[in-house]
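1. curious how this folds, go ahead:
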Amino acid sequence: MSEVVSRLAVLFREHHGRLLAQLLRHAGTARLAACEDALQQAMVAALRHWPFDGMPENPAAWLFEAARRALIDEHRWASRRETGHALDDLPAAPSPDNRERFARELDDDELALLFAVCHPALPPVAQVALALRTLGGLGVRELAAGLLLTEAALAKRLERARERLAALGEPLAVPSPDALPARRDAVLTALYVMFNEGYQSAQGSSYARRELCFQALRLVCALAAHPVAGAPEADVLAALMCLHAARLSGRVDADGTPLRLPEQPRERWDAGLVALGHRHLARAGRGDRLTRWHCEAAIAAAHAAAPSYAATDWATIVGWYERLLALDPAPVPRLAHAIALGEARGAAEGLAAVEATLPLLPRERYPFGEAARAEFLHRVGREGEALEAWRAARAQARSDAERALIDARIAALGPDP
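-> Take a look at the predicted model:
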């Protein structure tokens, strides 16, 4: 039973967005809540049947068919309640050239769903949270970590978002092609957070969730290619994701143990993805708007260009972080800038910058500030304080993989000084 539950959880994470988008294509985007409920019912049905009948040959297809049947049953029940007689099936799916659908040049159900839930009546954070909850199947804990909110605060925002959409009195629908650009930034932000959660997962034993990274990458590349909604911002985010995804295979050793950047074998980085990232970065140069993603992509390109960690051009990276801070002086980029300063100008300067940033960082489930402080304390020879900082970082770790990485650093320091 436990093995079935584990495999079903993986299936849910990997296929949730695609299954939900396919259900919505059959039922119409206005029936989002009903489709989500039907998918949950399919998961429950799988838990009832699979332990005894065995895993089906195509589990995702089984889940889709079970959800479709649940959706039909719900539709029949609702029609009987409203009209006194049952309808035999769901309404016909919208035709591909309907204004509810994307422009004819692109027909991607998951991307269409993202644009549908990023409704301008919602605050930007609520748009992003609802999009990730709907498409990525991310739980409240994962979303809260990615958006730097408490779980309680995020749950309230999601509840208010659904209430706000219900109060509009209009069905949720994919916007017409001319309305797509207005929703683009929220969609890009959702994909950015989705990729980041995959790149360094906030839960479980895996350091990264490759399927989530490549789902986000596929969608942002599709958006970048779209003639109406595409823009330099989409290309530069695609560049950033390509350059980071190229490093996925080098971020863990043969046993799956996380490796820090200085330890990663760069020959295992994906040269094809690096080249694709540079092509998207070149295309992004056609715009006249500098975004945080331009700065982050330039930083990722600098890392990709370095033949080794020691050969990294930290001065250039510091310069790009300074441009990033001019656009977004939030605590997380400030921490990254502080770390780059320490690499470029010495551990003492890095330590001072990290310690100045620590009070601004989240107090829970954010180990990176204390981890950076611990690393610089170790470099300046303050071993006892470094050990305490690593322990503080461990207490804030979000996943088993992060705890394992921190435990290795604690063990490397040896017994208490």
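2. contacts, neighbours, all on C-alpha from now
-> Fine.
3. just give me the neighbour total for Ala167.
-> 9 (other C-alpha atoms under 10 Å).
4. which SS class is the spatially closest residue to Gln200 that is not a sequence neighbour?
-> The spatially closest residue to Gln200, leaving aside those adjacent along the chain, is Ala208, at 4.9 Å (C-alpha to C-alpha, 6 or more residues apart in numbering). Under DSSP: H, G, I helix; E, B strand; the rest coil, the three-state class of Ala208 is coil.
5. need phi/psi at Ala208.
-> Backbone torsions of Ala208, given as degrees, to the nearest 10, read phi -140, psi 150.
6. next, count neighbours for it.
-> With other C-alpha under 10 Å as criterion, Ala208 counts 25.
7. go on, His49?
-> His49 has 12 nearby residues by other C-alpha under 10 Å.
8. mind checking which helix or strand it is in?
-> helix 32-53 (DSSP states H and E).
9. ok so, going back, for the residue nearest to Gln200, what are its contacts?
-> Ala208 sits next to Glu197, Gly198, Tyr199, Gln200, Ser201, Leu248 when contact means C-alpha atoms under 8 Å, 6 or more residues apart in numbering.
10. where does it land on pLDDT?
-> pLDDT, Ala208: 80.
11. and the closest residue to Pro124 other than its chain neighbours, how many neighbours?
-> By the measure of C-alpha to C-alpha, 6+ apart, the closest residue to Pro124 outside its immediate chain neighbours is Ala186, 6.4 Å from it. Neighbour count of Ala186, defined by other C-alpha under 10 Å: 25.
12. for Tyr192, see how far away Ala186 is.
-> 10 Å (C-alpha to C-alpha, to the nearest Å).
13. how far away is the residue nearest to Pro124 from Cys213?
-> 18 Å.
14. and what of His303?
-> Distance, His303 to Cys213, using C-alpha to C-alpha: 19 Å.
15. which one of these two has more residues nearby?
-> Cys213 (25 against 20).
16. ok now the strand or helix carrying the more buried one, how far from the chain's centre?
-> For Cys213, the host element (DSSP H and E) is helix 210-224. Relative to its parent chain, helix 210-224 has a centroid offset of 10 Å by C-alpha atoms, centre = their mean, to the nearest Å.
17. and it, what does it pack onto?
-> For helix 210-224, the packing partners by 3 or more C-alpha pairs under 8 Å, 6 or more residues apart in numbering; DSSP states H and E come out as helix 109-117, helix 180-199, helix 232-245.
18. mind listing what's buried in the first one?
-> The neighbour-count criterion (16 or more other C-alpha atoms under 10 Å) identifies Asp109, Glu110, Leu111, Ala112, Leu113, Leu114, Phe115, Ala116, Val117 as the buried residues of helix 109-117.
19. over to the second one?
-> Using 16+ other C-alpha under 10 Å as the test for burial, helix 180-199 gives 180-181, 183-199.
20. report the inter-axis angle for it versus helix 232-245.
-> Counting by axes from the mean of the first three to the mean of the last three C-alpha atoms, to 10 degrees, helix 180-199 lies at 10 degrees to helix 232-245.
21. kindly report the same for the first one.
-> Relative orientation of helix 109-117 and helix 232-245, computed by the same axes, to 10 degrees: 130 degrees.
22. please report how far Tyr207 lies from Gln215.
-> For Tyr207, the distance to Gln215 - C-alpha to C-alpha - is 17 Å.
23. so between the two, which is more surrounded?
-> Neighbour totals were compared for Tyr207 and Gln215, and Tyr207 leads with 26 against 20 (other C-alpha under 10 Å).
24. show me where the stretch 301-417 of the chain has helices.
-> Applying DSSP state H, counting those that start in this stretch to the stretch 301-417 of the chain gives helices spanning 314-327, 331-345, 347-357, 368-379, 383-396, 400-413.
25. same for the second one, what does it pack against?
-> By that I understand helix 331-345. Using 3+ C-alpha pairs under 8 Å, 6+ apart, helix 331-345 sits against helix 314-327, helix 347-357, helix 368-379.
26. dump those helices to a markdown table, plus mean neighbour count.
-> As requested, those are exported to a markdown table (neighbours: other C-alpha atoms under 10 Å):
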| stretch | mean neighbour count |
| --- | --- |
| helix 314-327 | 18 |
| helix 347-357 | 19 |
| helix 368-379 | 23 |
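27. who's in contact with the residue lying closest to Glu343 once chain neighbours are set aside?
-> Spatially, and ignoring its direct neighbours in sequence, Glu343 is nearest to Trp314 (6.5 Å; C-alpha to C-alpha, 6+ apart). If you count contacts by C-alpha under 8 Å, 6+ apart, Trp314 has them with Ala340, Leu341, Glu343, Ala344.
28. neighbours around the last one, how many?
-> Ala344: 18 surrounding residues under other C-alpha under 10 Å.
29. chain neighbours aside, what residue packs nearest to it?
-> Excluding the flanking residues, the one nearest Ala344 by C-alpha to C-alpha, 6+ apart is Trp314, at 5.1 Å.
30. now the one you found: how far from Asp109?
-> Trp314 is 41 Å from Asp109, by C-alpha to C-alpha.
31. how about Ala190?
-> 16 Å.
32. got it, and Gly256?
-> For Gly256, the distance to Asp109 - C-alpha to C-alpha - is 33 Å.
33. Thr134 contacts Gly17, correct?
-> Yes - proximity of Thr134 to Gly17 meets the contact threshold set by C-alpha atoms under 8 Å, at 6.9 Å.
34. now Ala229. Its backbone dihedrals?
-> According to degrees, to the nearest 10, Ala229 has phi -90, psi -20.
35. count the neighbours of it for me.
-> By other C-alpha under 10 Å, neighbour count at Ala229 equals 20.
36. for the one 5 residues further on, same thing?
-> For Ala234, the neighbour count with other C-alpha under 10 Å is 28.
37. check Gly139 too.
-> Quick note: Gly139 (other C-alpha under 10 Å) scores 13 neighbours.
38. can you pull the phi/psi pair for it?
-> Torsion angles, degrees, to the nearest 10, at Gly139: phi -80, psi 170.
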